[in-house]
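Asks: here are the coordinates; sequence isn't available:
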């Protein structure tokens, strides 16, 4: 019976990740952060706007986030150097009072290392 217990313990130790066995914290992977705010024409933050991000040399959207109640959003991206394109996708967005937004311009963001880049996406009402 004790042989079975020893085998079970040995297998259990093999299944436990190395970082947990050695009490070594896992090293976090470095990242950069694109942080921004979506503003309306009056300069107020807009809630619930879809923000899309892609690498500048690609056509397909890589990340999609939504602005919070303050109009803010944040997305981790790989460490640079790299260029990204950020824009607000306003298709289907309608304010509480029924107004609709015009599509804004795309914004280019350059990331050099593991840093934070702050941007603002300014939109206008139709």
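Replies: Thanks, I have it. Bear in mind the structure is a predicted one, so any value in this text is a computation, not a measurement.
Asks: Tell me the spacing between residue 75 and residue 41.
Replies: Counting by Cβ to Cβ, to the nearest Å, the gap between residue 75 and residue 41 amounts to 24 Å. The way it works is simple: take the backbone N, C-alpha and C, and place the C-beta from them, glycine included.
Asks: Okay, strands next: where are they in the protein?
Replies: In the chain, strands defined by DSSP state E lie at 32-39, 50-55, 63-66, 72-77, 82-89, 107-111, 116-122, listed in chain order.
Asks: check contacts around residue 100.
Replies: 90, 93-94, 125-126 (Cβ atoms under 8 Å, 6 or more residues apart in numbering).
Asks: So in this structure, where's the weakest helix or strand by average pLDDT?
Replies: Lowest by mean pLDDT, DSSP states H and E among the helices and strands of the chain is helix 18-21, with a mean of 55.
Asks: Next, name the residue at the spatial heart of the protein.
Replies: If you average the C-alpha coordinates of the chain and look for the closest C-alpha using Cα atoms, centre = their mean, you land on residue 75, 2.1 Å from that point.
Asks: can you pull the pLDDT of the residue nearest to residue 30 when sequence neighbours are not counted?
Replies: Of all residues not flanking residue 30 in the chain, residue 114 sits nearest, at 4.4 Å (Cβ to Cβ, 6 or more residues apart in numbering). Residue 114 is assigned a predicted lDDT (pLDDT) of 94.
Asks: Looks like residue 114 contacts residue 32 (just checking).
Replies: Yes. In terms of Cβ atoms under 8 Å, residue 114 counts as a neighbour of residue 32; the distance is 5.6 Å.
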